[in-house]
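Engineer: Got a predicted model here, sequence first, then my questions.
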Amino acid sequence: MDTCMHIAEKKELRDQIFQFKLENDKSLRILTNQLQHKLSEMDEKLQGNYKPNDTIEFANLKQKYQLLQGSYIHQKDELEILKNATMNVLQELFELKQLKSINQDLNMSNVQGKLQLLDQKTNSLTINQNARSQDFLALFNNTRVMENKINLMGNFITQILSHEIIQNATTATHFNIFNDLKNRVYEIETKQNATFADVISKIISLEGKVSNNSKRVAVTACVGSTQTFSDAVVRFSTVRSEIGINNIATFMYSGKFVCEIPGLYYISAHIRTSSGDYGFHVKKNNDYIAYSITDAGLSDSTNPISAVVALQIKDTLYVETSATIYSTYSCISIVKVK
């Protein structure tokens, strides 16, 4: 069937080539005649009506003629090529005719051989299919057995995991109890440490208080000269005795006792003056602690005043009055009693 179609195609191609050749020859003849006619007319016109300005036009026509002549030669060459191709096609058709007779003899024997081979392959495939069916059945049975074993193993693993979960839960409970006990012990230790630190702090404080109580502080001083103090603070600048006071110069200069060791202090002063009805006071940090007043008579008088006061570090203690103070019998004593 393929050979017949090939022959028909070759024949159709040969007819098309032949028809093309005829049309090409006809076109070339017409074109050649037209060119010759045009050239003749042009020669006649040139001979009868020659003009110097027509030289360029003649050259252009001559160039066009050369182009047409070249095209004609090219088409002629293509025609020769087509002729050669036609000869090759005819040669192939001849060879196909020779092969056709040979193939017709070989086709039957080839077909019979192929049919026998197909029968053999079919039988082999049938046998293989049966064997594969048996193998598949055996594999299916093995799969069922394996599935049962896997199910049994899964149940066993589930039991083991359940047991482990229970054990883990018990372990977690024990661990939580241990952590709770650990936290309680830590809290007790923390409280004990805090209590111990508080005890130590109290002991240190008591030691400081005991140390402060054991320290002695005292001073006795008198007014240096008879005078009236402009700021009313009496200066006892002549120190008769002192103990436990580091900055005694401040007391002598300002008249104010500055507490260096906290505790309970006793203050006693005697003011000699001729001024009557003048008040005088003991003050702590500008606050009144004790009050007194001089005699109303015209003669000199010695007027006492005393007080007990708790002082902290940097508290001040002093006597204040605007009366004129004599130096002979005007003195003060301050002592730490506790």
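Structural biologist: On my side now, so go ahead.
Engineer: where along the protein do the strands fall?
Structural biologist: Along the chain, counting by DSSP state E, strands occupy 218-222, 238-243, 257-258, 263-273, 279-284, 287-293, 301-311, 316-321, 331-336.
Engineer: List just the one of those that sits closest to residue 91.
Structural biologist: Closest to residue 91 of the strands of the chain, according to CB to CB: strand 257-258, at 144.1 Å. For every residue, glycine as well, the C-beta is placed using N, CA and C.
Engineer: Let me know how buried residue 184 is, in neighbour terms.
Structural biologist: 10 (other CB atoms under 10 Å).
Engineer: for residue 331, same thing?
Structural biologist: Using other CB under 10 Å: residue 331 sits among 19 other residues.
Engineer: Same question for the one 3 residues further on.
Structural biologist: If you count neighbours by other CB under 10 Å, residue 334 ends up with 24.
Engineer: same check, this time on residue 290
Structural biologist: 17.
Engineer: what's the spacing between it and residue 306?
Structural biologist: According to CB to CB, to the nearest Å, residue 290 and residue 306 sit 7 Å apart.
Engineer: repeat for residue 258
Structural biologist: Where residue 306 is concerned, residue 258 sits at a distance of 20 Å (CB to CB).
Engineer: and if you look at residue 137?
Structural biologist: Taking CB to CB, one finds residue 137 at 128 Å from residue 306.
Engineer: and these two? which has more neighbours close in?
Structural biologist: residue 306 (13 against 10).
Engineer: So in terms of bridging, what pairs with the more buried one?
Structural biologist: Applying DSSP bridges to residue 306 gives these bridge partners: residue 268.
Engineer: What are the neighbouring residues in contact with it?
Structural biologist: 266-269, 282, 290 (CB atoms under 8 Å, 6 or more residues apart in numbering).
Engineer: How many neighbouring residues does the nearest residue to residue 327 once chain neighbours are set aside have?
Structural biologist: Nearest non-adjacent residue to residue 327, counting by CB to CB, 6 or more residues apart in numbering: residue 223, 4.6 Å away. Residue 223: 23 surrounding residues under other CB under 10 Å.
Engineer: Contact partners for the nearest residue to residue 24 once chain neighbours are set aside?
Structural biologist: Once flanking residues are discounted, residue 24 sits nearest to residue 79: 5.7 Å by CB to CB, 6+ apart. Neighbour list for residue 79: 21, 24-25 [criterion: CB under 8 Å, 6+ apart].
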